[in-house]
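K.L.:
Just to be clear, the model below is a prediction. Sequence and coordinates:
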Amino acid sequence: MKIQLLNIAHARSGDKGDTANIGLIARKPEYYPVLVKEVTAERVKNHFKGICKGEVERFELPNLNSLNFLLHESLGGGGTVSLKTDPQGKTLSSALLRMEVDVDEKLLKAK
């Protein structure tokens with residue numbers, strides 16, 4: 001079944017210059033493999049089409065059940081020069097949580 005990431009993960013985001021940084025954390029350890037499989041750098045790049053003009057890098061942090069993404073060239077030059085309303089990318093984590101992923105319904109019903 002398709003669900004939004006917010007049902008199985010939470011996220012934080014920030015910036016360094018013109019690069020946004022999004023951490024995606026599984027709500028339960030058993031959800032982490034879903035994140036690894038479904039939330040690829042390519043899918044994140046497509047999700048932020050029109051916002052992220054550069055490369056998207058993905059880093060796996062299995063000990064934290066998390067993924068970290070760097071979205072290069074996504075902040076209009078960065079906080080001090082950008083004309084964007086969110087020049088530091090603080091809202092990008094919420095935007096990523098709206099991405100839909102495929103999840104086995106049994107996984108969600110497991111206690």
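P.N.:
Happy to help now that I have it.
K.L.:
So what touches the helix or strand of the chain with the lowest mean pLDDT?
P.N.:
The weakest-scoring helix or strand in the chain, judged by mean pLDDT, DSSP states H and E, is helix 105-109 (a mean of 85). Residues outside helix 105-109 that contact it (Cβ atoms under 8 Å, 6 or more residues apart in numbering): 1, 3, 7, 8, 30, 31, 34. C-beta coordinates here come from the backbone N, C-alpha and C atoms, glycine included.
K.L.:
which ones are touching the nearest residue to residue 70 once chain neighbours are set aside?
P.N.:
Using Cβ to Cβ, 6 or more residues apart in numbering and skipping the chain neighbours, the partner closest in space to residue 70 is residue 57 (4.4 Å). Contacts for residue 57 (Cβ under 8 Å, 6+ apart) come out as 41, 69, 70, 72.
K.L.:
Mind exporting the C-alpha coordinates of the least confident helix or strand of the chain to CSV?
P.N.:
Coordinates of each C-alpha in helix 105-109 appear next as CSV, following Å, rounded to 0.1, in the frame of the first residue of the first chain:
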residue,chain,number,x,y,z
GLU,A,105,0.4,-3.4,5.1
LYS,A,106,1.5,-6.2,7.5
LEU,A,107,4.5,-4.1,8.6
LEU,A,108,2.2,-1.3,9.7
LYS,A,109,0.0,-3.7,11.7
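K.L.:
ranges for the helices of this protein?
P.N.:
32-38, 41-47, 92-96, 105-109 (DSSP state H).
K.L.:
Residue 17 is nearest to which of those helices?
P.N.:
Distance to residue 17, taken as Cβ to Cβ, is lowest for helix 92-96 among those, at 14.6 Å.
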